[in-house]
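Colleague: Fold the following for me, if possible:
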Amino acid sequence: MSDRPDGTRAARVTPLRVVIALCLVAPFVAMLWVGSYAKTDPTLIGIPFFYWYQMLWVLISTALTMVAYQLWRRDQRARAGREGGASR
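Modeller: Below you'll find the predicted structure:
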């Protein structure tokens with residue numbers, strides 16, 4: 001049972017949740033920092049750096065989102081186990 005009168009659970013900042021947040025924030029920071037990739041050299045098979053860097057981040061973002069999702073599921077299962085609830 002929860003020790004809160006309204007039955008809601010308090011959110012806790014854990015190291016795992018910090019890692020999840022970093023996985024989700026990293027692509028935004030990388031794409032918003034335009035000065036780091038606003039150039040044409042080096043080219044990759046004739047494609048300027050500006051374009052292939054952004055396309056690379058599409059793949060990286062997908063991988064980071066998958067990692068964040070798996071970590072979130074692990075966190076939720078652990079939280080449900082600690083609180084005696086059924087895991088999903």
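Colleague: gap between residue 21 and residue 43?
Modeller: From residue 21 across to residue 43, the span is 34 Å (C-beta to C-beta, to the nearest Å). Every residue, glycine included, has its C-beta placed from N, CA and C.
Colleague: Hmm, residue 24 is touching residue 66, no?
Modeller: No: look at residue 24 against residue 66 with C-beta atoms under 8 Å: they stay out of range, at 11.3 Å.
Colleague: what about the two, which has more around it?
Modeller: For residue 24 and residue 66, the more surrounded residue by other C-beta atoms under 10 Å is residue 24, and the numbers stand at 16 against 11.
Colleague: Let's verify the nearest residue to the more buried one once chain neighbours are set aside: helix, strand, or coil?
Modeller: Here the nearest residue to residue 24 in space, its sequence neighbours aside, is residue 68; by C-beta to C-beta, 6 or more residues apart in numbering that works out to 5.3 Å. Following DSSP: H, G, I helix; E, B strand; the rest coil, residue 68 is assigned to helix.
Colleague: again, but for residue 53
Modeller: What three-state DSSP gives for residue 53 is helix.
Colleague: Once you drop chain neighbours, what's closest to it?
Modeller: Residue 53 sits nearest to residue 37 (C-beta to C-beta, 6+ apart), 4.4 Å away.
Colleague: Pretty sure that neighbour sits against residue 50.
Modeller: Yes: with contact defined as C-beta under 8 Å, residue 37 reaches residue 50; the gap is 6.0 Å.
Colleague: Who has more neighbours out of these two?
Modeller: More neighbours surround residue 37 than the other of residue 37 and residue 50, with 17 against 14 (other C-beta under 10 Å).
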